[in-house]
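S.K.: Here is my input; please provide its structure:
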Amino acid sequence: METDYITTMLSAPGRTAVHMARGKRIEAGIFRLSSCKYLVEATTLGGSKRARKTVEGDIHAARKCREELREQLLQGSLKSPGEVLTVESVIDYYVKNHYARTSRYAIGSGKAIVRTLKEKFGGMDVADLSKGALSTFVFDLRNSGYANAGINPYIVTLRAAFQFCIDAGVLRIASPLAGFKVLKVQQGRKEIIPEAALKVFRENLPDFLRPILAFKELVPCRVLELLEIRMEQVDFEKRVIHLAKDQTKTEEDRDLPIPLVMMVHFERMKAWGSPWLFARTELRKDGTVVFHKLARNTISVEFRKVREAAGLPRAIVFRKLRHTVLSQWLRRYDIGLVSEVAGASPETLREYYDVVPVEAKVAAADGFAACHEHLTNTLTLSEGSRIAASA
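M.R.: Residues are numbered from 1 along each chain as shown. Got it, this is the predicted structure:
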């Protein structure tokens with residue numbers, strides 16, 4: 001059974017959307033109201049038209065309904081009478097439905113990029129935006145003292161905004177910026193953390209951070225991906241973690257191998273009833289165990305405390321563990337296998353890392369079996385027990 005909530009919005013200043021109670025946001029335009037009931041919403045770019053429906057069923061039914069609503073709104077012209085489709089509306093749609101949830105936007109640098117793009121292109125009609133206009137903008141930034149590395153985020157953000165709207169079906173034109181390439185930047189090789197420094201962190205980090213440190217030393221994954229892993233995503237029999245596309249930077253499903261020595265800790269966390277794979281445990285007076293989700297800021301702060309106390313260089317930061325492990329993997333595995341596990345393109349890996357010839361490495365066809373053999377021999381079982389005991 002479906003209930004229709006169709007609201008046509010006026011684009012006049014001061015008019016706001018009709019308020020509706022919303023559940024948990026699952027993805028763009030889909031909100032979960034209950035276990036099998038969803039609120040589905042679609043809007044035009046300018047916000048002058050909005051359509052909503054409540055749907056009973058699973059997420060696939062909600063997605064199908066969202067596409068149907070978009071088709072209804074997009075029949076005929078994309079614009080309502082008197083509505084001007086501007087670059088600002090494209091940017092706003094992108095920020096609201098995707099960019100605002102990215103780490104770059106959360107830490108503030110993305111907000112500055114969006115603000116600058118709106119100041120430059122905001123009132124421009126999308127039909128007037130061209131590669132020439134963007135080239136002029138790039139020229140102005142360069143004259144203001146920006147290096148190529150500082151200009152590229154503006155190009156990438158604007159291109160991504162148009163492509164996101166096109167992929168979402170709310171903009172039915174070819175991207176005016178398609179083919180506009182980012183500027184060439186002379187890149188150095190990724191820095192790695194020396195073994196002596198890693199030993200300092202193993203010995204001095206708080207006990208609740210040692211499991212995630214051990215995992216990061218063995219598998220080339222991103223820390224934000226690890227913090228969102230829930231216990232139901234772990235296949236204990238095959239020793240594989242399944243990452244959903246909404247958890248990865250590349251927005252693609254991906255699997256991570258689990259080192260054998262980490263299984264002791266993971267099975268213990270599962271037996272205790274932890275909802276997350278990595279969590280801080282608290283034993284209360286009544287004997288119950290409470291689990292606290294790890295935060296990226298907590299890890300960074302504790303890592304910095306140990307680094308400063310040991311007098312290590314400021315360049316040693318937690319995220320460089322991924323660079324260190326990638327360097328090690330590329331000396332042992334085929335670049336195709338490393339690309340699949342790490343979620344990085346072969347082109348990026350070749351640009352930032354030294355790649356050993358294929359003949360000297362394990363073939364990609366061996367897949368996770370090869371990974372498990374390597375990871376099993378990396379740490380001893382006694383060290384695995386120490387990791388589990390430290391939780």
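
S.K.: alpha carbons only for contacts and neighbour counts from here, please
M.R.: Noted.

S.K.: what bits of this structure have low per-residue confidence?
M.R.: 1-23, 44-49, 73-84, 100-109, 185-191, 355-391 (pLDDT under 70).

S.K.: Would you mind splitting it into its domains for me?
M.R.: 3-74, 87-167, 195-389 (automatic domain parsing).

S.K.: Make a markdown table from the ones you listed and add mean neighbour count and distance to K181 to it.
M.R.: Shown next, in a markdown table, are these (neighbours: other Cα atoms under 10 Å; distance: least, Cα to Cα, whole Å):
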| stretch | mean neighbour count | distance to K181 |
| --- | --- | --- |
| domain 3-74 | 16 | 25 |
| domain 87-167 | 16 | 8 |
| domain 195-389 | 16 | 15 |
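
S.K.: What separation do you get for L205 and L321?
M.R.: 14 Å (Cα to Cα, to the nearest Å).

S.K.: Same check on H242?
M.R.: Counting by Cα to Cα - H242 and L321 are separated by 21 Å.

S.K.: before we move on, what about E252?
M.R.: The value you get for E252 to L321, if Cα to Cα is used, is 22 Å.

S.K.: go on, D286?
M.R.: To L321, D286 is 38 Å away according to Cα to Cα.

S.K.: Now I151: which helix or strand?
M.R.: I151 is part of helix 148-167 when elements are defined by DSSP states H and E.

S.K.: Just the residues contacting that helix, thanks.
M.R.: 90-91, 93-95, 113-114, 117, 134, 138, 141-142, 171-175, 177-178, 182-185 (Cα atoms under 8 Å, 6 or more residues apart in numbering).

S.K.: Work out which residue lies at the spatial centre of the protein.
M.R.: By Cα atoms, centre = their mean, the chain has its centre lying nearest to K249, at 3.1 Å.

S.K.: Contact partners for that residue?
M.R.: Shown in contact with K249 (Cα under 8 Å, 6+ apart): G343.

S.K.: quick one: secondary structure of it?
M.R.: Following DSSP: H, G, I helix; E, B strand; the rest coil, the label given to K249 is coil.

S.K.: for it, phi and psi?
M.R.: phi -70, psi -30 (degrees, to the nearest 10).

S.K.: same check, this time on V87
M.R.: Torsion angles, degrees, to the nearest 10, at V87: phi -60, psi -30.

S.K.: go on, V200?
M.R.: phi -60, psi -40.

S.K.: what's the spacing between it and P346?
M.R.: V200 sits 32 Å away from P346 when distances are taken as Cα to Cα.

S.K.: The helix or strand K53 falls within - contacts with which helices or strands?
M.R.: Secondary structure assignment for K53, by DSSP H and E: strand 49-56. Packing contacts for strand 49-56, counted by 3 or more Cα pairs under 8 Å, 6 or more residues apart in numbering; DSSP states H and E, involve strand 3-8, strand 37-43, helix 59-74.

S.K.: and it, which strands flank it?
M.R.: Strand 49-56 sits in its sheet next to strand 3-8 (antiparallel), strand 37-43 (antiparallel), going by DSSP bridges.

S.K.: for that strand, the distance to its chain's centre please.
M.R.: Offset of strand 49-56 from its chain centre (Cα atoms, centre = their mean, to the nearest Å): 28 Å.

S.K.: Also stretch 151-164?
M.R.: 16 Å.

S.K.: Would you check that G336 makes contact with P346?
M.R.: Yes. Contact criterion Cα atoms under 8 Å: G336 and P346 qualify, at 6.8 Å.

S.K.: can you give me the strands in the protein?
M.R.: 3-8, 24-27, 30-34, 37-43, 49-56, 234-235, 240-243, 254-257, 279-283, 289-293 (DSSP state E).

S.K.: Same list, those strands, but as a markdown table with distance to E228 please.
M.R.: Below are these laid out as a markdown table (distance: least, Cα to Cα, whole Å):
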| stretch | distance to E228 |
| --- | --- |
| strand 3-8 | 34 |
| strand 24-27 | 15 |
| strand 30-34 | 19 |
| strand 37-43 | 23 |
| strand 49-56 | 27 |
| strand 234-235 | 12 |
| strand 240-243 | 9 |
| strand 254-257 | 13 |
| strand 279-283 | 10 |
| strand 289-293 | 9 |
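
S.K.: Which among these is found nearest to I193?
M.R.: I193 sits nearest to strand 254-257 of all the strands of the chain, at 21.9 Å, using Cα to Cα.

S.K.: Mind listing residues that contact the closest one?
M.R.: The contact list for strand 254-257 (Cα under 8 Å, 6+ apart) reads 219, 221, 239-245, 248, 340-341, 343, 368, 371-372.

S.K.: and those residues, which two are the farthest apart?
M.R.: Spanning the widest gap among those are K245 and H372, at 23.3 Å by Cα to Cα.

S.K.: which one is E252 nearest to, not counting chain neighbours?
M.R.: K245 (4.2 Å; Cα to Cα, 6 or more residues apart in numbering).

S.K.: My read is that that neighbour contacts E225, right?
M.R.: No. Counting by Cα under 8 Å, K245 does not reach E225; the two are 10.3 Å apart.

S.K.: before we move on, back to that, tell me which of the strands of the chain sits nearest to Y99.
M.R.: Nearest to Y99, of these and by Cα to Cα, is strand 24-27 at 12.5 Å.

S.K.: other SSEs contacting the closest one?
M.R.: The helices and strands touching strand 24-27, judged by 3+ Cα pairs under 8 Å, 6+ apart, are strand 30-34.

S.K.: who does the strand it packs on pair up with?
M.R.: strand 24-27 (antiparallel), strand 37-43 (antiparallel).

S.K.: residues in contact with the first one?
M.R.: Under the criterion Cα under 8 Å, 6+ apart, residues F31, R32, L33, N97 lie in contact with strand 24-27.

S.K.: what sits against L224?
M.R.: Contacts for L224 were tallied using Cα under 8 Å, 6+ apart; they are R296.

S.K.: try L198
M.R.: Counting by Cα under 8 Å, 6+ apart, L198 makes contact with nothing.
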